[in-house]
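Peer 1: task: produce atomic coordinates for the following.
(chains A and B)
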There are 2 protein chains.
Amino acid sequence: MALAQENCIDKAPKLDDVAAEMLSTDLQDWIMVNGTLEKTFRFRNFHETMSFANAVAYIAHQQDHHPSIDLTFGRCKLTWNTHSAGGLSRNDFICAARVDQLKA
Amino acid sequence: MALAQENCIDKAPKLDDVAAEMLSTDLQDWIMVNGTLEKTFRFRNFHETMSFANAVAYIAHQQDHHPSIDLTFGRCKLTWNTHSAGGLSRNDFICAARVDQLKA
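Peer 2: Numbers count the residues shown, from 1 in each chain, chains lettered A, B, ... in the order given. Next up, the predicted model:
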C-alpha cells in the first residue's frame, strides 16, 4: 500500500536510520534534518500559500499529527517529527506522502 | 487616530529607532528584533492556531502587507517588517495593532 493511503497510528515508534532512509525514497524531495522531515514549497502569492497551509492543516487534523508550518509571502516550509517517539516515526512519512499527493 | 484604524500606505519609509520605540508603546507585548516586529501568540489547540493564522492572513490581504507566520500545535509567531524600506515602517505597527485588536 502506498504511504499516502496509510493512516497515522497512536504511539508510532521511532524509526532507525535505515528504515527512515528507505521510506524517504517514497517521498518527493523531503529532507531529513536533525530528526525531522522537512520540505519547502513555493507559491505565486500569499493567497496560494495560505490556501496550501490550510489544506495541510486538514491533513493534520485528519491524521491527528501536526507539523510546524513556517510561511511567508510565497513560501511554506513544513516540518514533521514525532515528539512522543523522540524523532521520526512512520506517521511523519505518511503525512509527508499525503502532502505530496495534495500538491501533485 | 489609533494605529489599528490606520491603513498601510505604499512605499512607507523606514522609521528611525526613536519613532519605532514610540509606536511600540501603542502595541501589546510586541518586540523589535533585528529590524522586525515580532510577537508569539498561544492557543489551546491546532484548530485555534490555524484559525488565528487565517484571521491574520485576512488583515495581511486587506492591508497588502504580509508577515512571516511560524506556527505549531498551539503557538503562532508573527514577524512583520517592510522589505522595501529595509527595516520597520509604520505599516508594520499598523498591522501589529490590527492583530492586537483581533486578539483582544
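
Peer 1: what about A:A104, how many residues close to it?
Peer 2: 7 (other C-beta atoms under 10 Å in any protein chain shown). Glycine gets a C-beta too; all of them are placed from N, C-alpha and C.

Peer 1: quick one, what contacts it?
Peer 2: Contacts of A:A104 were listed using C-beta atoms under 8 Å, 6 or more residues apart in numbering or on different chains, and none were found.

Peer 1: and it, how far is that from A:F73?
Peer 2: 23 Å (C-beta to C-beta, to the nearest Å).

Peer 1: A:L78 belongs to a helix, doesn't it?
Peer 2: No - under DSSP: H, G, I helix; E, B strand; the rest coil, A:L78 falls outside any helix and is assigned strand.

Peer 1: ok, now how distant is it from B:L71?
Peer 2: 11 Å.

Peer 1: cool, A:T82 as well?
Peer 2: Distance of A:T82 to B:L71, computed by C-beta to C-beta: 18 Å.

Peer 1: now A:D10
Peer 2: On the measure of C-beta to C-beta, A:D10 and B:L71 end up 24 Å apart.

Peer 1: higher neighbour count, the two?
Peer 2: Using other C-beta under 10 Å, the more surrounded residue of A:D10 and B:L71 is B:L71, with 26 against 7.

Peer 1: run the chain-centre distance for whichever helix or strand the more buried one is part of.
Peer 2: Using DSSP states H and E, B:L71 sits within strand B:68-72. Offset of strand B:68-72 from its chain centre (C-alpha atoms, centre = their mean, to the nearest Å): 12 Å.

Peer 1: quick one: is that strand near chain A?
Peer 2: Yes - Strand B:68-72 lies within reach of chain A by C-beta under 8 Å from any C-beta of the partner chain, at B:S68, B:I69, B:D70, B:L71, B:T72.

Peer 1: quick one: that strand to strand A:68-72, angle?
Peer 2: Following axes from the mean of the first three to the mean of the last three C-alpha atoms, to 10 degrees, one obtains 170 degrees for the angle between strand B:68-72 and strand A:68-72.

Peer 1: same for strand B:68-72, what does it pack against?
Peer 2: On a contact count with 3 or more C-beta pairs under 8 Å, 6 or more residues apart in numbering or on different chains; DSSP states H and E, strand B:68-72 meets strand A:68-72, helix B:46-63, strand B:75-80.

Peer 1: make TSV from the residues of strand B:68-72 next to chain A and add pLDDT and distance to B:A57 to it.
Peer 2: Below are the residues of strand B:68-72 next to chain A laid out as TSV (pLDDT from 0 to 100; distance: C-beta to C-beta, whole Å):
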residue	pLDDT	distance to B:A57
B:S68	98	12
B:I69	98	8
B:D70	98	14
B:L71	98	12
B:T72	97	17
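
Peer 1: now the common contact residues for A:L78 and B:L71.
Peer 2: The contact lists of A:L78 and B:L71 share A:S68, A:I69, where a contact means C-beta under 8 Å, 6+ apart.

Peer 1: who does the helix or strand harbouring A:V99 touch, helix- and strand-wise?
Peer 2: Using DSSP H and E, A:V99 sits in helix A:90-103. With contacts taken as 3+ C-beta pairs under 8 Å, 6+ apart, helix A:90-103 sits against helix A:17-24, strand A:36-42, helix A:46-63, strand A:75-80.
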